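K.L.:
Here you go, sequence then predicted model.
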Amino acid sequence: MITWEYKTMEFETKGFIGGILDISTFNETLNNCGREGWELVSCFDTNQSNGASRKVIAVFKRQKQM
């Protein structure tokens with residue numbers, strides 16, 4: 001049976017009402033995780049009451065080594 005391990009990462013957004021993501025840092029982090037065997041399975045933003053994005057959450061998985 002395959003067993004998975006999971007990892008989450010938070011990326012802060014910038015700007016007065018949020019929503020501005022440093023895309024080069026984001027891409028670099030995703031590529032580094034990929035080189036370590038992590039697969040991105042979900043990515044979503046968190047919203048404040050006014051709808052502004054404050055964080056982007058990335059969820060990864062990889063096969064657990066026994």
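P.N.:
Looks like it came in fine. From a predicted model like this one, the values you see are computed outputs, not experimental measurements. Numbering: from 1, shown residues only.

K.L.:
and residue 28, helix, strand or coil?
P.N.:
In terms of secondary structure, residue 28 is helix; the call rests on DSSP: H, G, I helix; E, B strand; the rest coil.

K.L.:
per-residue confidence for it?
P.N.:
Among the per-residue scores, residue 28 holds a pLDDT of 97.

K.L.:
next one: the one 5 residues further on
P.N.:
With respect to pLDDT, residue 33 scores 98.

K.L.:
isn't it right next to residue 60, touching?
P.N.:
Yes. Using Cβ atoms under 8 Å, residue 33 is in contact with residue 60, at 5.6 Å. C-beta: built from backbone N, CA, C; applies to glycine.

K.L.:
Among those two, which residue is more densely surrounded?
P.N.:
More crowded of residue 33 and residue 60, by other Cβ atoms under 10 Å: residue 60, with 20 against 17.

K.L.:
Now do the buried residues in the helix or strand hosting the more buried one.
P.N.:
Element membership of residue 60 [criterion: DSSP states H and E] is strand 53-63. Within strand 53-63, the residues that count as buried by 16 or more other Cβ atoms under 10 Å are 53, 56, 58, 60, 62.

K.L.:
what's that strand in contact with?
P.N.:
Contacts made with strand 53-63 from outside it, assessed by Cβ atoms under 8 Å, 6 or more residues apart in numbering, are listed as 2-13, 18-19, 21, 26, 29-30, 33, 36-48.

K.L.:
So which of these belong to strands?
P.N.:
Within these, membership in strands is found for 4-12, 39-47, as judged by DSSP state E.

K.L.:
Just the buried residues from those, in ChimeraX please.
P.N.:
Of those, the buried ones go into a single ChimeraX selection, burial set by 16+ other Cβ under 10 Å:
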select :9,11
